[in-house]
Every structure is written in structure tokens, then in C-alpha cells.
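Peer 1: Pasted the sequence and its predicted model underneath.
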Amino acid sequence: MKRILTVLTGGTIGSENRNGIIIPQNGSGIRCLELYRKKYGADTDFHCIQPVNILSENLNIKIMETVVNSILNTDLSLYDGVIITHGSDTLSYSSSMLSMCLCHLEIPVIITAANRVPDDERSNALDNIRAAVCLINEFKKGVFTVYKNEQDDHTTVYLPTRITEADRFCDSFSSFDKKVFGIIKNDSFKKISDIMLTDIYRKRQPVFDNRLSLDNNVMMIFPYPSLDYNSLTIDPSVKAVVHVTYHSSTVKTDGENSALSLLKKCLERNINMYLCSFKKGQDSVYNSLTPILNSGAKPLFDISNESAYCKLLLGVNTDNNTDELMNKNIYYEICR
């Protein structure tokens, strides 16, 4: 029987519906496991901890820090794997952060969520927990996110650094590069990715020593027409800025209130501004980018918004050289 450390953090998968209001409950994540045992039997020994208990829209970097450290501070030699239950709203952010922090561990780590509370018969909570158990039975190590989209007859296995925020209409997750690692159907895993399991299993060096401390912040900017960059203030806690680009890797650089004014503020504070993201190997860029690239903005290549943000958090909070770290592939976050 596999012994699994189950890290409960709240979210829909750890909540109940009280007259139309979804509320996380202390220990309510165990309800999902009770339903799992009722359906699948006692084939797994779940040992639960609950370092935080939130709806995931309330996630912040100190909560990320707490969840990571709660796992690293546990004697993992006692377990065959780790399941982390999470809310779906910020699942893509935590998936990226957790995988970059935990990919060196010698047991598999599976992150999952649910679309509805476990007691709702329409919920995918049990499908997702079952898929997580199947992967722990299948894999030696590695970090993965599993989720069953409502329109699918299978549960998808994502590389956590490539899963992107669910859409707001179908509530479906997808991968930044439109490729997934695999699927689980009828308790059977089928690999789709060309990434080899032997590469997943190779030894990786931790990004930091012993304990994660996220004391410095990162500012993330999403563009929209007529955004007035002069109205943006950079908080003293911010040590880097990541500016999401439009799909053509462009930002507004025309006019006094353009992204150039934000870059100027960054340079005055002696902090870096990164543009996310460019396509590696593209042979040309739009003329609008010339002034901001020439003025010192740093392009990032082939990386999701979520992974750029989380990786930059690690860069400004660890002993790593930030520029070197941003161009290094920690756990498949750079799609190349």
C-alpha cells in the first residue's frame, strides 16, 4: 500500500457549499478522501497536513512560501509520493512555483484541484485524486499537475510549469505550448509528450538551500489599450517587473504614458524589467519594440506568464544570479 503525504491548502476541492456560498473548512479536504475510499477502497494510506486553508484567489507569495516549506520540512523518506490539493483560480501559479521548488525531490509530487466541491455529484475531485494516485503508482519521481476538464473523458497530466490559467467560460485548463505530458483514462497512463521519463528522473539541483524565503516582490503588468503607465507606482518591496506582452511580443512605446515610462521608473530604482514572452528564433520584431529593448528591457523567451512571474520571484529571493536563472530551464518552463 502506497503511503502518500497529502497537503491540503483549501480551494474548492477542500470546501463545502453552504446555501450557494463555497467555504473552505478546516479538515474538509479529508471529506474528499473519505469519498475516495468509499469509491475505490482503502488502497492508499493518506497522511494529511494542512499548512494553509484558503480560497486560492487569496494566494500570495508568503502563502506560497509556507506551502513549499511545509513539504520540505517533512520527512519525505516516510512517503511514496505527495499530493497537493489546491484551488483552481491560481492553480497555474502554484503549479509553476511548486514544481520549480520541488523538482529535485526523490518521490513524485502531484498537484490538483476541483471544479466543484467534492459532495457535488458533478465534481471532478475524485477523478483528479484518482489520477494523482495512479501517477504515484506509475512514476518514480517528478512534479505534475492533473486535472479533468469537463468536456473530456480523461484526466490530463500537465507539466506544471506549462499549465495556464483556466478560461472563464468552459473552466478548462490548457498548456502554454498546446502540448500535454499525457492523459489518464481507466486508471491507465498514456504518455503523449516527447519528453522522456528518464529526463524527468534525472537529478536536479535545488534552486535554494533548505528553506524558501519570499521577502521581495515582483510586479506583473498586463497590457490593454490606453493603459497609462505614468499612473503605475512601483512599491519599495518590488525588486523586478515582468511585463506581459501582446501575442506579437509587443508593448505600447508610443507617447509619454507608454511602457517606456515604466522602464524609466525601473531604471531609476535599479531593478530589471522583463518582457514576457518572445518566440525563440523569430527573425524580426516590430518597430514599436526597438526603443524599449534598446533602453534596457530584457526579453524572455518561450515561457508562460505564470512561470515567468514565479521564476522571477525565485530570482530576486535566492542567491542565484537573476538573469542567469531566467535563461536557465529549471523544470521545462522554457518550451524548447
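Peer 2: Thanks, I have the structure now. Residues are numbered from 1 along each chain as shown.

Peer 1: Only C-alpha atoms from now on, for both contacts and neighbour counts.
Peer 2: Noted.

Peer 1: Against residue 142, how distant is the residue lying closest to residue 139 once chain neighbours are set aside?
Peer 2: Leaving out its chain neighbours, the residue that sits closest to residue 139 by CA to CA, 6 or more residues apart in numbering is residue 108, at 6.5 Å. With the distance defined as CA to CA, to the nearest Å, residue 108 ends up 5 Å from residue 142.

Peer 1: how does this structure divide into domains?
Peer 2: Segmentation of the chain into domains, based on automatic domain parsing, reads 2-200, 217-326.

Peer 1: tell me the most buried of those?
Peer 2: For the domains of the chain, the largest average neighbour count (mean count of other CA atoms under 10 Å) is found in domain 2-200, namely a mean of 19.

Peer 1: Tell me who's in contact with the residue nearest to residue 139.
Peer 2: Contact analysis of residue 108 by CA atoms under 8 Å, 6 or more residues apart in numbering lists 80-82, 135-136, 139-143.

Peer 1: Contact partners for residue 260?
Peer 2: Residues near residue 260 by CA under 8 Å, 6+ apart: 253, 291-292.

Peer 1: hmm, try it at 10 Å
Peer 2: For residue 260, the contacting residues are 229-230, 251-254, 266, 291-293, 295-297, by CA atoms under 10 Å, 6 or more residues apart in numbering.

Peer 1: continuing past the helix or strand containing it, what's the next helix or strand?
Peer 2: Using DSSP states H and E, residue 260 sits in helix 259-269. Proceeding N to C from helix 259-269, the next assigned helix or strand is strand 272-278, under DSSP H and E.

Peer 1: Quick one: list the elements packing against that following strand.
Peer 2: Secondary-structure packing of strand 272-278 (3 or more CA pairs under 10 Å, 6 or more residues apart in numbering; DSSP states H and E): strand 217-221, strand 238-244, helix 259-269, helix 290-294, strand 298-301, helix 305-317, helix 322-326.

Peer 1: try it again with 7 Å
Peer 2: When contacts are defined as 3 or more CA pairs under 7 Å, 6 or more residues apart in numbering; DSSP states H and E, strand 272-278 packs onto strand 238-244, helix 259-269, strand 298-301.

Peer 1: Save these as CSV, and put in distance to residue 277 and mean pLDDT too.
Peer 2: Output for those, formatted as CSV (distance: least, CA to CA, whole Å; pLDDT from 0 to 100):
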stretch, distance to residue 277, mean pLDDT
strand 238-244, 7, 98
helix 259-269, 15, 96
strand 298-301, 5, 96
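
Peer 1: Export those as CSV, with columns for distance to residue 321.
Peer 2: Shown next, in CSV, are the helices and strands packed on strand 272-278 (distance: least, CA to CA, whole Å):
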stretch, distance to residue 321
strand 238-244, 13
helix 259-269, 18
strand 298-301, 14
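
Peer 1: In contact with the closest residue to residue 278 other than its chain neighbours, which residues?
Peer 2: Using CA to CA, 6+ apart and skipping residues adjacent in sequence, the residue nearest residue 278 is residue 301, 4.6 Å away. Listed by CA atoms under 7 Å, 6 or more residues apart in numbering, the contact set of residue 301 reads 277-280.

Peer 1: cool, and residue 125?
Peer 2: Per CA under 7 Å, 6+ apart, neighbours of residue 125: 13, 113-114, 118.

Peer 1: which one among the contacts of residue 260 gets closest to residue 214?
Peer 2: residue 266 (20.2 Å; CA to CA).

Peer 1: Looks like that closest one contacts residue 272 (just checking).
Peer 2: Yes: with contacts counted by CA atoms under 7 Å, residue 266 reaches residue 272, the gap being 6.3 Å.

Peer 1: Now the two most distant members of the contacts of residue 125.
Peer 2: Greatest spacing in these, by CA to CA: 113 and 118 (10.4 Å).

Peer 1: hey, what's in contact with both of the two?
Peer 2: 13, 125.

Peer 1: The stretch 51-200 of the chain: helices as residue ranges?
Peer 2: 61-72, 91-102, 125-138, 197-200 (DSSP state H, counting those that start in this stretch).

Peer 1: and of those, who's closest to residue 186?
Peer 2: helix 125-138 (9.4 Å).

Peer 1: Pull out the CA atoms of that closest one and give them to me as CSV.
Peer 2: Extracted in CSV, the C-alpha atoms of helix 125-138 (Å, rounded to 0.1, in the frame of the first residue of the first chain):
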residue,chain,number,x,y,z
ALA,A,125,-12.5,16.0,-7.4
LEU,A,126,-12.4,12.2,-7.2
ASP,A,127,-11.3,11.8,-10.8
ASN,A,128,-8.4,14.1,-10.1
ILE,A,129,-7.4,12.5,-6.8
ARG,A,130,-7.6,9.1,-8.5
ALA,A,131,-5.3,10.3,-11.3
ALA,A,132,-2.8,11.6,-8.8
VAL,A,133,-2.7,8.2,-7.0
CYS,A,134,-2.3,6.5,-10.4
LEU,A,135,0.7,8.7,-11.2
ILE,A,136,2.3,8.0,-7.8
ASN,A,137,1.9,4.3,-8.5
GLU,A,138,3.4,4.8,-12.0
